[in-house]
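Colleague: please find the sequence and the predicted model below.
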Amino acid sequence: MRRILENIKIAFNSLFLNKLRAFLTMLGIIIGVGAVVAVISVGAGTEATITENMQSVGTNILTVSPARDTSMGPGGHGGGERYGGDMFSMGSEEETVAGELYLEDARALKAESSLINEAIATVSSGMNSTISYLSWSGQTGITGTTEEYFSVMGYEVADGSLFTGNDISNLSNAAVIGDTIVDDYFGMINPVGETIKINGQNFIVIGVLESIGTATFGADPDNSVYIPITTAQNKLTGTNTIDSIIVKVKSEELIDRATEEITAILREQHQIIPDGFNDFTVSSSTQLLEMASSISETISVTLGGIAAISLLVGGIGIMNIMFVSVTERTREIGIRKAIGAKKRDILIQFITESIVLSLTGGIIGVGFAFLISWILKTFTDLTSLITAYPIVLAISFSTIIGLIFGIFPAMRAASLNPIESLRYE
């Protein structure tokens, strides 16, 4: 133990004697460890955010979406051209044909299903709509939906009111806006009662939602505008189709039965023949969470692997500088051997120096990762969650790199002839 501590002390003395060179050598390790920890932490933070938002909505939520065509060939659908379209959907692994959803489908589910509380139709523009107020304008997301949407999603009104069934029946130009919209367009002005333009059409702001935060898959409800679904269909999209149906099941235990019941109702609603493929998919929040986790993990592993290349580059740098160190300290090695040092002692000394160099860079890299995490949290919408796992992984990897890339220089140092080493200038 005493010998190990002595070797560590010698290693640190060597670092302090060549501070700039040591720092430049460690730079690859610092960047590599910082990048690996930061990337994995962003993935973990994103997954945690998605999980939190899904749990806040509830695990008794099902999403019905139009299907994409996964069948091997035509046929199997008895609904005619009415359900023709081709929209992407996440969810079922069963074979499907391309289809569409309609407001009548949501109404049929609510009327005929005995296992659900709500079936809410939605139409979304993504970020493709232009909103303007006085001289300010920009792109934002527009969601057309029904009055039950807000209670099911857990959204609370901060000021004003939400639109009602009458607004939906009358195709009212009423709008409920998110907290970010207020900050970006109104400042200190109370937006309730003000007129905004959505794609050139006037809408009256009747309510403002409380701040919600980033929701599932990076959506930003605070930067969205909500309008009656009939208004969205007739005055913005010009189509009678909908993008999805959000279904609230009475309890989580009824999810599987509700999925079967919803499937049966929609197959009848769409007039699908008994052996025909579904033109819709039904996904649970658990499935979406698993998919989001899988995507997040894949991205983290891929980017983490790319960042790990920096660690290998740093390892090569360490090996290079250790060879230089061996050359510079040839006389020292000769003197140590002359007074009784064995090959093993020289080998351990230089391997220890290599590990200390790499490990120190790894520790500094972890600090660099915390800095990156703080910058991301402060200046972007990304969420970073630094846990022990990426830190231990990165530190262990950097230590192993120091060991592996330090062996060859250490072996060279240990094999030097003491007489020739003493003569070295």
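Modeller: Received the coordinates, thanks.
Colleague: for residue 141, helix, strand, or coil?
Modeller: With DSSP: H, G, I helix; E, B strand; the rest coil as the basis, residue 141 sits in strand.
Colleague: who does it form a beta bridge with?
Modeller: Using DSSP bridges, the bridge partners assigned to residue 141 are residue 224.
Colleague: let me know the pLDDT of it.
Modeller: Here, the pLDDT recorded for residue 141 equals 87.
Colleague: now do it against residue 223, distance only.
Modeller: 7 Å (C-beta to C-beta, to the nearest Å). For the C-beta atoms, the positions are set from N, CA and C on the backbone; glycine is no exception.
Colleague: mind listing what residue 377 touches?
Modeller: Applying C-beta atoms under 8 Å, 6 or more residues apart in numbering, one finds that residue 377 lies in contact with 383, 384.
Colleague: swap that for residue 120, sorry
Modeller: Contacts of residue 120 by C-beta under 8 Å, 6+ apart are 106, 145, 146, 148, 149, 152, 245, 246, 247, 248.
Colleague: next step: those restricted to strands.
Modeller: Among the contacts of residue 120, DSSP state E puts 145, 245, 246, 247, 248 in strands.
Colleague: closest one to residue 41 out of those residues, please.
Modeller: Using C-beta to C-beta, residue 246 comes nearest to residue 41 of the ones in strands among the contacts of residue 120, at 31.3 Å.
Colleague: and residue 141 and residue 223? Which one has more around it.
Modeller: residue 223 (22 against 19; other C-beta atoms under 10 Å).
Colleague: skipping its backbone neighbours, what lies nearest that one in space?
Modeller: In this structure, residue 223 finds its nearest non-sequential neighbour in residue 180, 4.2 Å apart by C-beta to C-beta, 6 or more residues apart in numbering.
Colleague: and if you look at residue 7?
Modeller: Spatial nearest neighbour of residue 7, excluding adjacent residues (C-beta to C-beta, 6+ apart): residue 352 at 4.1 Å.
Colleague: tell me which helix or strand that neighbour sits in.
Modeller: helix 343-379 (DSSP states H and E).
Colleague: which element follows that helix toward the C-terminus?
Modeller: Once helix 343-379 ends, the next helix or strand along the chain (criterion: DSSP H and E) is helix 388-414.
Colleague: tally of neighbours for residue 280?
Modeller: Residues near residue 280, counting by other C-beta under 10 Å, number 28.
Colleague: contacting residues for it?
Modeller: 64, 65, 66, 67, 89, 96, 99, 101, 266, 270.
Colleague: same deal with residue 147?
Modeller: Neighbouring residues of residue 147 by C-beta under 8 Å, 6+ apart: 162, 163, 164, 165, 167, 168.
Colleague: secondary structure and pLDDT added to the residues you listed, as a markdown table?
Modeller: Formatted as a markdown table, the contacts of residue 147 follow (DSSP: H, G, I helix; E, B strand; the rest coil; pLDDT from 0 to 100):
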| residue | secondary structure | pLDDT |
| --- | --- | --- |
| 162 | coil | 94 |
| 163 | coil | 93 |
| 164 | coil | 92 |
| 165 | helix | 90 |
| 167 | helix | 93 |
| 168 | helix | 93 |
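Colleague: so which of those is the most crowded?
Modeller: Highest count within the contacts of residue 147 by other C-beta under 10 Å belongs to residue 163, 23 neighbours.
Colleague: tell me which residues touch that one, please.
Modeller: The neighbours of residue 163, taking C-beta under 8 Å, 6+ apart as the test, are 147, 172, 174, 176, 206, 207, 226, 227, 228.
Colleague: can you redo the residues you listed as JSON lines with pLDDT?
Modeller: Shown next, in JSON lines, are the contacts of residue 163 (pLDDT from 0 to 100):
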{"residue": "147", "pLDDT": "92"}
{"residue": "172", "pLDDT": "94"}
{"residue": "174", "pLDDT": "95"}
{"residue": "176", "pLDDT": "96"}
{"residue": "206", "pLDDT": "95"}
{"residue": "207", "pLDDT": "95"}
{"residue": "226", "pLDDT": "95"}
{"residue": "227", "pLDDT": "95"}
{"residue": "228", "pLDDT": "95"}
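Colleague: closest one of those to residue 308?
Modeller: Distances from residue 308 to the contacts of residue 163, taken by C-beta to C-beta, are shortest for residue 226, at 43.7 Å.
Colleague: for the closest one, give me phi and psi.
Modeller: phi -110, psi 130 (degrees, to the nearest 10).
Colleague: and it, how many neighbours?
Modeller: Neighbour tally, residue 226, other C-beta under 10 Å: 25.
Colleague: ok, what's across the strand from the residue nearest to it when sequence neighbours are not counted?
Modeller: Residue nearest to residue 226 in three dimensions, not counting chain neighbours: residue 176, with 4.4 Å by C-beta to C-beta, 6+ apart. On the basis of DSSP bridges, residue 176 is bridged to residue 207, residue 226.
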